[in-house]
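Peer 1: The following comprises the amino acid sequence and a computationally predicted model.
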Amino acid sequence: MDPIETLFTAAAAARANAYAPYSGFAVGAAIRTPSGAIFSGANVENASYPVGTCAEAGAIAAMVAAGETRIAEILIIGDGEALVTPCGACRQRIREFAQEDAEIHIAGPNGVRASFTIAELLPQAFGPAIVKP
Ligand SMILES: O=c1ccn([C@H]2C[C@H](O)[C@@H](CO)O2)c(=O)[nH]1
Ligand SMILES: [Zn+2]
């Protein structure tokens with residue numbers, strides 16, 4: 001299968017399990033690391049609304065738990081007509097692990113609609129190199 005299609009399938013499977021009873025807005029995300037492994041996540045909402053977490057955060061947590069810390073590509077599937085790009089907090093989360101040339105693919109239920117780099121979505125970012133000695 002085409003690599004993007006593989007990511008899309010993983011993100012769609014996670015999205016099908018999204019826990020979004022409050023917004024009704026299901027999101028799925030899938031990361032491919034340089035090793036070729038794929039990690040996925042879905043948004044998980046909470047009765048205490050601010051405690052909910054984004055799909056991207058879930059996929060990043062799965063990647064880190066498996067011992068990987070580099071994002072080669074990430075694909076996010078949202079809903080509706082508008083591009084569901086990562087929220088501000090998730091742009092920062094992706095920035096932490098994104099390779100320089102990492103692509104962020106934004107998809108709807110029928111496929112990828114646009115692709116960006118992290119520099120496009122989070123210019124002049126605060127990142128690890130600033131903090132790490
Ligand atoms: O990129 C995004 C944008 C939104 N959401 C979730 C958060 C919340 O559960 C719902 C509506 O904002 O969608 C994500 O998971 N990722
Ligand atoms: Zn987010």
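Peer 2: Sure, I can see it. Ligands and ions are numbered 1, 2, ... in the order given.
Peer 1: could you say what helices and strands the longest strand along the chain packs with?
Peer 2: Selection of the longest strand in the chain by residue count, based on DSSP state E, yields strand 98-108. Applying 3 or more CB pairs under 8 Å, 6 or more residues apart in numbering; DSSP states H and E, we find strand 98-108 packed against helix 3-15, strand 71-77, strand 111-117, helix 118-121. Every residue, glycine included, has its C-beta placed from N, CA and C.
Peer 1: Buried deepest among these, which one?
Peer 2: strand 71-77 (a mean of 26; mean count of other CB atoms under 10 Å).
Peer 1: Within its sheet, name the partner strands of that one and how each one runs.
Peer 2: Here strand 71-77 has these sheet partners by DSSP bridges: strand 28-32 (antiparallel), strand 98-108 (parallel).
Peer 1: Phi and psi next, for the most centrally placed residue in the chain.
Peer 2: In the chain, the centroid-proximal residue (CA atoms, centre = their mean) is Glu56; its distance is 3.3 Å. In terms of degrees, to the nearest 10, the main-chain angles of Glu56 are phi -60, psi -40.
Peer 1: check contacts around it.
Peer 2: 29, 41, 74, 76, 86, 90, 93-94 (CB atoms under 8 Å, 6 or more residues apart in numbering).
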